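**Student:** give me a model of this one.
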Amino acid sequence: MKRPAKGAKGAKGGKGRKPQDAAEESAPREFRAGTQAGYQPPTRKSHRKGMPKRIVAADAAWAATKAAREAALPLQPVAPVPAPAPAVQPAPKPVVRPAAKPTGKPAVRRAAKPVDKPVGKSVGKSRPQAPAKAAPAKPFTPRPRPAPVELTIPEGPDSGLIVRLSRVLNVPASAIFRAINDPERRGWAPESLFRIMSVLAPRFIRLAFPDGTNVAISVARQGNARALVALEITKLPIGTDERDVKERWDEALSALQEQLDTSWD
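**Tutor:** Numbering: from 1, shown residues only. Predicted structure coming up:
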């Protein structure tokens, strides 16, 4: 393919290549580059130009030797290519369903024990047992709740006396709190007719009695089955004896210990 000379101008006056021959212009566009008319692919002979004589002589000798070898070889018949065998489809696999699993335990055969009984009578036959009847469900009966107690607490002046005492009980702290908070288990108190003012389970509870006395009970856990119960008695009526109050509440704590010894619930 010829390239335009330097400085050559095209048809429009600019730099470009000269128009090609008619054969190249008429050829399809995809065959124009490198396959125009008059083009010959390079051969080995054309490449020998400018090569040393030694290389040219060696190449000619090798070509002659190759031609002699090819002439000496016998012609071998070309074996026909066998046609491909038709594809064999594999046989469908049989569907194997898993056996049903036994619902109960497998039976274990054991040797029969000798039985000293007369021959002719059936030995060891078990009678079919009737299915056990389910017990009828008992109707639900709600637990009766005690009627609320209407307690009138006097609001008059008190003596200002404060009595404190404590004791360690060998029961869990939660059991002590439930026994004090349960309205049906007030046999331990000096006066069973009291009202619960405030609760902080299971550590604190405040009680109010009909004579205006307030008792703050604190329960401190000291192990899995041990708790410290501290009482603070306030708003005692005028003329109350401190020693008498301590004796009554000391007996109350003893009664609470005896009540919880029988049952912690």
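**Student:** list the contacts of Phe209.
**Tutor:** Listed by CB atoms under 8 Å, 6 or more residues apart in numbering, the contact set of Phe209 reads Ile153, Glu191, Leu193, Phe194, Val215. Using the backbone N, CA and C atoms, a C-beta is placed for each residue, glycine as well.
**Student:** turn those residues into CSV, including pLDDT and secondary structure.
**Tutor:** Supplementary listing: the contacts of Phe209 in CSV, determined by pLDDT from 0 to 100; DSSP: H, G, I helix; E, B strand; the rest coil:
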residue, pLDDT, secondary structure
Ile153, 60, coil
Glu191, 89, coil
Leu193, 88, coil
Phe194, 90, coil
Val215, 95, strand
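**Student:** mind putting those into a markdown table with neighbour count and distance to Arg243?
**Tutor:** A markdown table is the format used below for the contacts of Phe209 (neighbours: other CB atoms under 10 Å; distance: CB to CB, whole Å):
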| residue | neighbour count | distance to Arg243 |
| --- | --- | --- |
| Ile153 | 15 | 24 |
| Glu191 | 13 | 18 |
| Leu193 | 10 | 24 |
| Phe194 | 21 | 22 |
| Val215 | 22 | 17 |
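**Student:** and the residues you listed, which is closest to Pro94?
**Tutor:** The shortest gap between Pro94 and any of those belongs to Phe194, at 85.1 Å (CB to CB).
**Student:** just checking, that closest one touches Ala208?
**Tutor:** Yes - taking contacts as CB atoms under 8 Å, Phe194 lies within contact range of Ala208: 6.3 Å.
**Student:** between the contacts of Phe209, which is nearest Phe204?
**Tutor:** Proximity to Phe204 was ranked across the contacts of Phe209 by CB to CB; first place goes to Val215, at 11.5 Å.
**Student:** Trp249 versus the closest one, what's the distance?
**Tutor:** Summarising the geometry, the distance separating Val215 from Trp249, computed by CB to CB, to the nearest Å, is 8 Å.
**Student:** let me know how buried Pro98 is, in neighbour terms.
**Tutor:** Pro98: 5 surrounding residues under other CB atoms under 10 Å.
**Student:** now it, what's its secondary structure?
**Tutor:** For Pro98, the secondary-structure state derived from DSSP: H, G, I helix; E, B strand; the rest coil is coil.
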